[in-house]
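Q: Here you go, sequence then predicted model.
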Amino acid sequence: MSRRALARIAGALWCVGSLALFTRSASLFRIARDTEQRSTAVLWLAIGAGLAIGAAKGWFVLRKTAARNLLRIGSLGEPTRPWQAFPPAFYPLIAVMIGMGVGIRMLAARGLPGGHLTALAVYVAIGAALLGSSMPYWRFTGPSDQRGA
């Protein structure tokens, strides 16, 4: 597998994670609206805040992470393997992040301040950050590509 294909796998995984978070956000929207009696305007405000915060996090934090990962991918010898899309330290971090997401939903169900509205904003923010910062992976052309940096 080429390094370019490996970069595409990394980008696709970030997009899949983003899609999963946005999908879960839709159910959090319904729960907050129906069981917590949140107004639609407040829910859309939470989504807007989540998108703005996520865009900032994607631009200022995750974009740099993607650039470092692309440099790492560019330095790998070919052929590469799919599990090399991220450095080994990323995989426990991903598991922790998934666990935190489950924990936020559980806390929301048990009365977290802001309830499902807070969980909605967090899920939208992280989903937006992942989606926006996945773009350098799609533009990666090879080891000499420095556009993600």
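A: Done, it's in. Numbers count the residues shown, from 1 in each chain.
Q: Any regions of this structure where pLDDT drops low?
A: Scanning the chain for pLDDT under 70 picks out 143-149.
Q: how far is stretch 67-74 from where the chain is centred?
A: 18 Å (Cα atoms, centre = their mean, to the nearest Å).
Q: how much space is there between the closest residue to residue 140 other than its chain neighbours and residue 41?
A: Leaving aside its chain neighbours, residue 140 sits nearest to residue 7 (3.8 Å; criterion: Cβ to Cβ, 6 or more residues apart in numbering). The C-beta positions use only the backbone N, C-alpha and C, and glycine is treated the same way. Noted for residue 7: a distance of 41 Å to residue 41, by Cβ to Cβ, to the nearest Å.
Q: middle-most residue in this structure, spatially?
A: residue 130 (3.0 Å; Cα atoms, centre = their mean).
Q: and the closest residue to that residue other than its chain neighbours, what helix or strand is that in?
A: For residue 130, ignoring the flanking residues on the chain, the nearest one in space by Cβ to Cβ, 6+ apart is residue 18 at 4.2 Å. Assigned by DSSP states H and E, residue 18 belongs to helix 3-34.
Q: how about that helix: buried residues?
A: The neighbour-count check on helix 3-34 (16 or more other Cβ atoms under 10 Å) flags 3-11, 13-15, 17-18, 21-22, 24-25, 28-29, 31-33 as buried.
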